[in-house]
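[1] Need a 3D model of the following:
(one chain, ligands or ions: 2)
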Amino acid sequence: MPDQGYHAGSAVTRQVCRALDTPPGRHDIEVVIELDSDACLTRVDPGQLEQVILNLVANARDAMPAGGMLRVGTAKIVLDEAASRRHAETNPGEYVTLFVTDTGVGMTPEVRARIFEPFFTTKPPGSGTGLGLAMCYGIVKQSGGHVQVESDPGQGSRFTVLLPREASAAPVPAAASDGHPPAGHETILLVEDDASVRELTSRMLGSAGYRVIEASDAATARECAEKIGGAIDLLLADVVMPGGGGQELAEAMTARIPGLRVLFMSGYTADVVLRQGIVQEEVAFLPKPFSPDALAVAVREALDGPAT
Ligand SMILES: Nc1ncnc2c1ncn2[C@@H]1O[C@H](COP(=O)(O)OP(=O)(O)OP(=O)(O)O)[C@@H](O)[C@H]1O
Ligand SMILES: [Mg+2]
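    Ligands and ions are numbered 1, 2, ... in the order given. Coordinates of the predicted model:
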């Protein structure tokens with residue numbers, strides 16, 4: 001944690017209050033907070049951790065329309081070889097866990113299988129973006145952790161976030177020294193075939209101060225670049241798109257626009273993308289889904305880094 005004053009317990013209380021007290025408020029939910037009495041140190045951006053807590057607690061609240069019990073807490077666990085094999089994607093080691101359980105409606109296996117997909121929601125139009133858990137997933141993965149879900153219809157849900165345990169409280173590099181994500185004023189050509197992802201990314205970049213030109217495919221991107229005479233500082237492109245990948249587009253555009261920076265994004269993990277040779281090593285790469293802060297940091301680094 002970046003300073004001695006930060007304590008996960010107060011983060012939990014703050015976000016639980018935020019989720020339950022926001023008018024009209026929910027007074028039909030009993031809250032139990034169970035914090036491990038020992039130090040549970042982990043390396044995570046505190047602002048992002050609070051987002052994770054808020055999203056999980058808000059989901060638990062929404063799953064209990066007729067009231068119920070919300071339990072939020074922290075604990076330490078050690079995963080040995082056998083235990084880590086039982087939990088998909090985990091490695092053996094010491095973890096700090098944050099759990100959020102509810103006695104709400106629960107989930108069918110079909111819903112449970114899709115909850116981390118960006119824009120997946122079962123809420124009526126206008127009441128859920130379907131980005132809450134995608135955001136949580138991105139943040140936890142970035143911090144080297146995992147999210148586990150146990151739920152059955154009518155049986156409530158239990159979300160467990162596992163974060164690697166740290167032996168000592170070394171300072172964490174924050175997104176920026178003033179606690180705000182880095183911003184900029186440059187022009188970014190955003191190429192993404194999924195309209196909702198494109199709009200959201202564009203909004204995130206716009207609020208960080210950038211000028212954004214949107215294109216849904218490589219051909220449109222080339223046209224846009226042509227039209228504005230190559231006045232583009234960064235190409236932010238999806239790696240895999242119908243009608244031509246981001247890599248060929250990047251090669252063509254860097255050849256024409258001197259000093260152009262390139263940042264790839266993809267729903268595949270960096271490892272898969274690199275192993276399959278979809279993009280070459282040494283390229284700037286942002287895994288999807290990403291948080292606004294992760295996007296801001298990756299964009300700033302690509303713009304300030306060496307040209308490709
Ligand atoms: N605690 C829970 N109990 C039951 N279902 C849940 C729970 N948490 C998540 N879900 C299911 O997962 C879906 C996706 O959750 P997510 O947080 O990503 O989006 P959302 O809550 O629908 O929208 P938003 O987060 O923008 O309000 C929810 O619509 C719901 O179907
Ligand atoms: Mg949600």
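
[2] what secondary structure does the residue nearest to the spatial centre of the chain sit in?
    What sits nearest the mean C-alpha location of the chain, by Cα atoms, centre = their mean, is G138, with 2.9 Å. At G138, secondary structure determined by DSSP: H, G, I helix; E, B strand; the rest coil is helix.

[3] For it, give me its contacts.
    Neighbour list for G138: P287, K288, P289, F290, S291, A294 [criterion: Cβ atoms under 8 Å, 6 or more residues apart in numbering]. Every C-beta, even on glycine, is put in place using the N, C-alpha and C of the backbone.

[4] Give me the subset of these that lies in helices.
    Those of these mapping onto helices are A294, per DSSP state H.

[5] Out of the contacts of G138, flag the one nearest to D193.
    Each of these was scored against D193 by Cβ to Cβ, and K288 proved nearest at 12.2 Å.

[6] Surely the closest one is in contact with F119?
    No - contact between K288 and F119 fails when scored by Cβ atoms under 8 Å: they sit 11.6 Å apart.

[7] Quickly list what's touching both of these two.
    Common neighbours of K288 and F119 (criterion: Cβ under 8 Å, 6+ apart): V197.

[8] neighbour count winner among these two?
    More crowded of K288 and F119, by other Cβ atoms under 10 Å: K288, with 20 against 14.

[9] would Q51 count as being in a helix?
    Yes - looking at Q51 with three-state DSSP, it is inside a helix.

[10] And it, how far from Y137?
    In this view, Q51 and Y137 are 12 Å apart by Cβ to Cβ, to the nearest Å.

[11] what's the helix or strand for the residue of the stretch 151-300 of the chain found nearest ligand 2?
    Relative to ligand 2, the nearest point of the stretch 151-300 of the chain is F159 (11.0 Å; Cβ to the ion). Element membership for F159 (DSSP states H and E) is strand 157-164.

[12] The following helix or strand past that strand: which residues count as buried?
    Remark: after strand 157-164, the chain's next helix or strand is strand 187-191, criterion DSSP H and E. Residues of strand 187-191 classed as buried under the neighbour-count rule (16 or more other Cβ atoms under 10 Å) are I188, L189, L190, V191.

[13] ok, which stretches of the protein are strands?
    29-34, 68-79, 93-102, 146-151, 157-164, 187-191, 211-215, 234-238, 261-266, 284-287 (DSSP state E).

[14] what comes up buried for the first one?
    I take that to be strand 29-34. I29, V31.

[15] That strand: how far from the chain's middle?
    26 Å (Cα atoms, centre = their mean, to the nearest Å).

[16] go on, the last one?
    What separates the centre of strand 284-287 from the centre of its chain is 13 Å, taken as Cα atoms, centre = their mean.

[17] Just list what that strand packs against, helices and strands only.
    Strand 284-287 sits against strand 261-266, helix 270-275, helix 292-304, with contacts defined as 3 or more Cβ pairs under 8 Å, 6 or more residues apart in numbering; DSSP states H and E.

[18] Equivalent analysis for the fourth one, please.
    Using 3+ Cβ pairs under 8 Å, 6+ apart, the elements in contact with strand 146-151 are helix 132-142, strand 157-164.

[19] beta partners for the closest residue to A250 other than its chain neighbours?
    Nearest residue to A250 in three dimensions, chain neighbours excluded: V262, at 4.7 Å (Cβ to Cβ, 6 or more residues apart in numbering). Counting by DSSP bridges, V262 is bridged to L235.

[20] Make JSON lines from the buried residues of strand 187-191 and add distance to V96 to it.
    Listed next are these as JSON lines, based on distance: Cβ to Cβ, whole Å:
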{"residue": "I188", "distance to V96": "36"}
{"residue": "L189", "distance to V96": "40"}
{"residue": "L190", "distance to V96": "36"}
{"residue": "V191", "distance to V96": "38"}
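
[21] Out of the residues you listed, which is nearest to ligand 1?
    Nearest to ligand 1 out of the buried residues of strand 187-191 is L190 (Cβ to the nearest ligand atom; 21.9 Å).
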